[in-house]
Structures are given as structure tokens and as C-alpha cells.
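[1] One predicted model, sequence on top.
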Amino acid sequence: MSREKEKMLTGKPYQASDELIFTERQRARDLTFQINSLHPRNIDQRNQLFRALLGHAGNHFHIESPFYCDYGYNISVGENFYANYHCTILDCAPVTIGDNVFFGPNISLYAAGHPIHHDPRNAAFEYAFPITIGHSVWMGGGCIVNPGITIGDNCVIGAGSVVTRDIPSNVIAVGNPCRVLRPVTDEDRQFYFKKLKF
């Protein structure tokens, strides 16, 4: 492991021009290019490529093409994960996604960031902080999650939200910046199924 990669994985400022880091990004580009070029009926081949790309994937998952990421090996997805079109994960730090998580289209998880002050930014320094998404989370289309964020279990994140702070479990959160709107309640269980029991 190079010194810059070690810094990347431990939340310290690093330079992504490092040879090893660059080579690993190119590997991810190669795999995502193959994935995104496949005929949509080649599901088994696509899943094999995803297993080669991702650090961990549950037995059952489905990720629509196109999909983009920086490295792949820092991404862990649980059982029954579904991501709609144009999912982008900048996984310079670990990105952990729980079981039964559903992503709408155009979801972006950004573990990577750049310094606020222009001097270190112009010197090509970056940083990365982990992102964690709990179990049974539904994220509406167009959501953005910033570095270092944790979203708790059983949450709904409204479409177009920009998540800039941690979201606790069992809530509906919306907006830019994303804020808790209200708890998820037992009444929500029957909202779309008035005559059914769950």
C-alpha cells in the first residue's frame, strides 16, 4: 500500500495522482465500462463484473446501468440492494450500504471532498470520510450524500435532498440541506394498502 493510499483510507489529506491510486481508479473505470456496455439482458455477466468490482455484495442485488464509482473495493452493499439508473459513488473512503436499501435514479454518494481553502485545493489535495447507510432505507431520485454522513435504519430520504448531516433511524427527511420532517409511524404501514395487512 502506498503512503497516499494509506492517507486516503484513514481520512487524511492525500494526493490522488499517486501511481497506485491512479492504477486502482483505472481498474474501476475498466470494469464500469464493461458493465455499462453490456446488453441489459446479460444480468449474470453484469453481476459477475459487479462482484469483481465491489468490496462486498449480498447474494441478491440489482444495480441498473449506467453505474459509476472511483475504486469499487471500498463499496459494501447488503442483501436486496437496488440502485436505479445513474448511481455514482465516490468511494475514496468506505461506503457501507445495509440490507433492503432502495436507490432512486441519479443517487450520488460522495465520500470524497476537497479543501475549502484554495491553497491546499490548488495543490491537488483531497480528503475522504466514510458514508454509512443503514438497513431498509429508501432514497428518492436525485439525492446527494456528502462525506462522513451516516443515515440510520428505516429512513426515507426525499427526492432531491442534499444530506449534509447525520440522519437518525426511523424518520422521513427531506430538503437541501436535508432535515428530519417526521418519524416513520405505524400509520405509514397502511398508507398505500388500506385493505391489506402488513
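    All right, it came through fine. Because the structure is a prediction, the values reported are computed rather than measured.

[2] Can you name the residues that contact the residue sitting nearest the centre point of the chain?
    Central residue of the chain (CA atoms, centre = their mean): L109, 4.1 Å from the mean position. Contact analysis of L109 by CB atoms under 8 Å, 6 or more residues apart in numbering lists T88, I89, L90, D91, V95, I131, I133, V145. (C-beta placed from N, C-alpha, C; glycine too.)

[3] which one of those is nearest H60?
    Closest approach between the contacts of L109 and H60, by CB to CB: I133, at 17.2 Å.

[4] Would you agree the closest one is in contact with N100?
    No - with contact defined as CB atoms under 8 Å, I133 does not count as touching N100 (11.0 Å).

[5] quick one, which of these two is more surrounded?
    I133 (26 against 17; other CB atoms under 10 Å).

[6] How far away from the center of its chain is stretch 54-65?
    Relative to the centre of its chain, stretch 54-65 is centred 12 Å away, using CA atoms, centre = their mean, to the nearest Å.

[7] low-confidence ranges in this structure?
    Within the chain, the stretches with pLDDT under 70 are 194-198.

[8] one step back: tell me which entries of the contacts of L109 lie within strands.
    T88, I89, L90, V95, I131, I133, V145 (DSSP state E).

[9] which of those residues count as buried?
    Applying 16 or more other CB atoms under 10 Å to those, the neighbour count classes T88, I89, L90, V95, I131, I133, V145 as buried.

[10] mind giving me CSV with the residues you listed and columns for distance to A173?
    Listed next are those as CSV, based on distance: CB to CB, whole Å:
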residue, distance to A173
T88, 21
I89, 20
L90, 21
V95, 19
I131, 15
I133, 12
V145, 11
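
[11] which helix in this structure runs the most residues?
    helix 19-37 (DSSP state H).

[12] Quick one: residues in contact with that one.
    1-2, 4-5, 8, 14, 16, 46, 49-50, 52-53, 65-73.
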